[in-house]
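1. using only what follows, build the 3D model:
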Amino acid sequence: MGEIISTFHLDWKIIIAQLVNFAIVVWVLWFFALKPLTKTMTERTTKIEQSLKNADKIQQELQASQKEREEKLVTARKEAEQIIAAAAGIAEKQRQETLQKVKAEVGKTVELAKEQIAAEKVKMIAEVKTEIVDLVTQTTAKILGDVIDKKIDKGLIEKTLKGMTKK
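-> Below you'll find the model as predicted:
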């Protein structure tokens, strides 16, 4: 070994000094560079992991809110269908009521018209009877002249009217 040391010109003092210098450099690098760097890396890793957890949580909340939104839409559609059905029922009921009212009014109008027609018929018959009485009186007076007295005339008129009303 002595030969190797003399061949390569190695000096133990220099080797020990270099080892001490190397240890000091490693310690300085460790203390001022590597330790803060590992601390920063650890903090960054923690932040990234926390962000990923938050992203997963947000994704789950988003899915839950979408599901809730879909459920609300389904509920709203059902309610809308019920409202439409109720409105259709109410409209049909009102249509039926209106139709019944119109039928009742038409019935009343027809009944009133029949009554008016019947009243006019009675009035017309009375007028026709009066005219017939006048015509019969005039005709009888012309035919018979002054021969028949007023009593006979009235009896003849009444008999004629009775015959006409039967027809």
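
2. next, count neighbours for Ser6.
-> Residues near Ser6, counting by other C-beta atoms under 10 Å, number 9. Where you see a C-beta, it was placed from the backbone N, CA and C, and this is true even at glycine.

3. how near is it to Ile16?
-> Between Ser6 and Ile16 the distance is 18 Å, computed by C-beta to C-beta, to the nearest Å.

4. ditto for Ser51
-> 50 Å.

5. check Val106 too.
-> 129 Å.

6. so where do the helices sit in this protein?
-> Remark: helices assigned in the chain by DSSP state H are 2-8, 12-29, 35-144, 150-166.

7. reformat those helices as a markdown table; add mean pLDDT.
-> Conversion of the helices of the chain to a markdown table gives the following (pLDDT from 0 to 100):
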| stretch | mean pLDDT |
| --- | --- |
| helix 2-8 | 72 |
| helix 12-29 | 92 |
| helix 35-144 | 92 |
| helix 150-166 | 72 |
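
8. so what's the nearest residue to Met164 once chain neighbours are set aside up against?
-> Once flanking residues are discounted, Met164 sits nearest to Ile132: 6.6 Å by C-beta to C-beta, 6 or more residues apart in numbering. Ile132 sits next to 160-161, 164 when contact means C-beta atoms under 8 Å, 6 or more residues apart in numbering.

9. please repeat the previous calculation with a cut-off of 10 Å.
-> 157, 160-161, 164 (C-beta atoms under 10 Å, 6 or more residues apart in numbering).
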